[in-house]
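In: Quick one: sequence and predicted model below, then my questions.
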Amino acid sequence: MGQKELESFLKGFIEKESLFKNKKALQSAFMPETIVHREKEVKLLANILAPSLKTEKPSNLFIYGKPGTGKTLTTKYITKNIINIASQNNVPVNLLFLNCKLKKIADTEYRIVAQLARDLGKAIPTTGLPTEEVYKIFFEAIDSKSGIIIIVLDEIDQLVKKAGDEILYNLTRINEDLKKSQICLIGISNDLVFLDNLDPRVKSSLSEEEILFAPYNALQLQDILRERCKVSFREDTLEEGLIEKCAAFAAREHGDARRCLELMRVAAEIAERKNEKNVKISHLDEAEDKIERDRIFDTIMSLPKQSQAVLYAVMSFQNNDEYVFTGDVYSIYKNICAKTGLKPLTQRRLSDIIGELDMFGIINAKVISKGRYGRTKKISVPMAEQIKEKIKKSLETAMEI
DNA sequence: AGGTATTCACATGAAACTATTCTCTGAGTTAGG
DNA sequence: TAACTCAGAGAATAGTTTCATGTGAATACCTGT
């Protein structure tokens, strides 16, 4: 592209009418005015949390449901409203919202408590203090406040998986020692059986109330999507039946609303890039492809080097044959290691890595018996040749071959 | 022909080892009294 | 003297290796016809 051409393209880009009016409405962090199809849950939640407005401690609450069912959104919505009302009426209610999945911020006991204390305005060093000390600071911070403190722990299952349930036990017990204030705990989890693996004491106190968020069905997804699209697109940008199709796609995959919105957004982006005036159903298909491709690409690129090397080995053998066996992969893998200076792992480990790649859905690995010639895994890569080449190239640069 | 035994090439498990990350302790430092 | 920092000890954890055992069916080897 020459200088002139580029200039006119960029100028055109500014002048061009975008399909989007407000792209944010299709992003997962967006907070809509009203929450569609969660009336029952909203009401229930409001009922449970309302006592905080009278400075009475609400029951601890455990919320669970599959991803993309509006758990976080609904909770944020309610708590935000409660805080608003509370401040209007001068009722002391505090909110601490913590997503436990954020690495380096909230995935160990120390970090959680430290982060909570920081949210209350205390300065805590990242390391150096005994955990107990941090608890003490946190406790003092709380005790200096009065009224109700609502603590929301999002993706609480991740936390317990990494750091155990001791924190939860301590947090539920802390109320006994507080004089002026009370803590109300809300745990949000994607994992439906999470509660069962919990210490019974924690379990009973955390789940004084439970709310299950069921997946949306296709019709509900349509409504949600329609609502958001109204905000985010100009009129008449969507082809007839597009919303229905998009909802149907997502409903097929466990009714995940986040997916549904993403699908629509990506489809529209594709349409826009193609300079089309409407988003068409064909764009949806492309979007589904693209999302899946991106997902695979992302997982591959965030894999550890060893796994990448194994994957590369699998893919290099793929050229002529449909499938490879573990032994073949291992010998190629060792060559690759020699070339890149990577320390080769044992075949035992390689076998596990192949299993992991299979779990991720990047490759297919099936155990078969070749009779007299042993037992092994039959490995294939279910990808279009083009994409495979692209991934191979990226892996080569990533591993500096 | 039909049945049994063998054998291959890994799979799968468990325990031991290692490197890394966290947490905690005590020494040293700083600042205020 | 109390509070704060920070390096290093010790504990927890994740990633691997080592050792041991298991596995499904194509083939080799019988056995009796």
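Out: Yes, it's here.
In: which stretches of chain A aren't confidently modelled?
Out: Counting by pLDDT under 70, chain A has low-confidence residues at A:1, A:15-17, A:19, A:100-111, A:121-134, A:160-166, A:196-197, A:199, A:318-321, A:401.
In: domain ranges for it?
Out: A:39-213, A:216-299, A:303-399 (automatic domain parsing).
In: Ends of the shortest one, what's the gap?
Out: Read it as domain A:216-299. End-to-end span of domain A:216-299 (CA to CA, to the nearest Å): 27 Å.
In: got a list of what A:N190 touches?
Out: Contacts for A:N190 (CB atoms under 8 Å, 6 or more residues apart in numbering) come out as A:Y64, A:G65, A:K66, A:P67, A:E155, A:D157. C-betas here are computed from N, CA, C, even on glycine.
In: Run a quick neighbour tally on the residue of chain A found nearest DNA strand C.
Out: Residue nearest to DNA strand C within chain A: A:G371 (1.6 Å; CB to the nearest atom of the strand). Around A:G371 there are 7 other residues, counting by other CB atoms under 10 Å.
In: host element of the closest residue to A:I281 other than its chain neighbours?
Out: Nearest non-adjacent residue to A:I281, counting by CB to CB, 6 or more residues apart in numbering: A:K245, 5.4 Å away. Counting by DSSP states H and E, the element that carries A:K245 is helix A:242-252.
In: List just the one of the domains of chain A that sits closest to A:E33.
Out: In terms of CB to CB, the element of the domains of chain A nearest to A:E33 is domain A:216-299, at 8.8 Å.
In: do the closest one and DNA strand C meet at all?
Out: No: against DNA strand C, domain A:216-299 shows no contacts by CB under 7 Å from any atom of the strand, the least distance being 14.2 Å.
In: Could you list the buried residues of the longest helix anywhere in chain A?
Out: Longest helix in chain A, counting residues (DSSP state H): helix A:281-301. Within helix A:281-301, the residues scored as buried using 16 or more other CB atoms under 10 Å are A:H283, A:L284, A:A287, A:E288, A:K290, A:I291, A:I296, A:I300.
In: With stretch A:392-401 instead?
Out: Those would be A:L395, A:A398, for stretch A:392-401 by 16+ other CB under 10 Å.
In: and if you look at stretch A:245-261?
Out: A:245-251, A:255-261.
In: all strands of the stretch 151-300 of chain A, in order?
Out: Under the criterion DSSP state E, counting those that start in this stretch, the stretch 151-300 of chain A contains strands at A:181-189, A:209-213.
In: Now A:G65: closest residue in space, sequence neighbours ignored.
Out: Nearest-residue entry for A:G65: A:F213, 3.0 Å, with adjacent residues in sequence omitted and distances by CB to CB, 6+ apart.
In: isn't the one you found right next to A:G68, touching?
Out: No: the criterion here is CB atoms under 8 Å, and A:F213 misses it with A:G68 at 9.6 Å.
In: Who has more neighbours out of these two?
Out: A:G68 (25 against 21).
In: That one: which element?
Out: Using DSSP H and E, no helix or strand contains A:G68.
In: Contacts only, for the residue positioned nearest the centre of chain A.
Out: The centroid of chain A falls nearest to A:P67 when counting by CA atoms, centre = their mean (7.8 Å). With contacts defined as CB under 8 Å, 6+ apart, A:P67 is in contact with A:N190, A:H254, A:D256, A:R258.
In: please redo it, this time with the cut-off set to 7 Å
Out: Counting by CB atoms under 7 Å, 6 or more residues apart in numbering, A:P67 makes contact with A:N190, A:D256, A:R258.
In: Need the phi and psi values for the first one.
Out: Think A:N190. Main-chain torsions, A:N190, degrees, to the nearest 10: phi -80, psi -20.
In: and what of the second one?
Out: As for A:D256, its main-chain torsions (degrees, to the nearest 10) stand at phi -90, psi 110.
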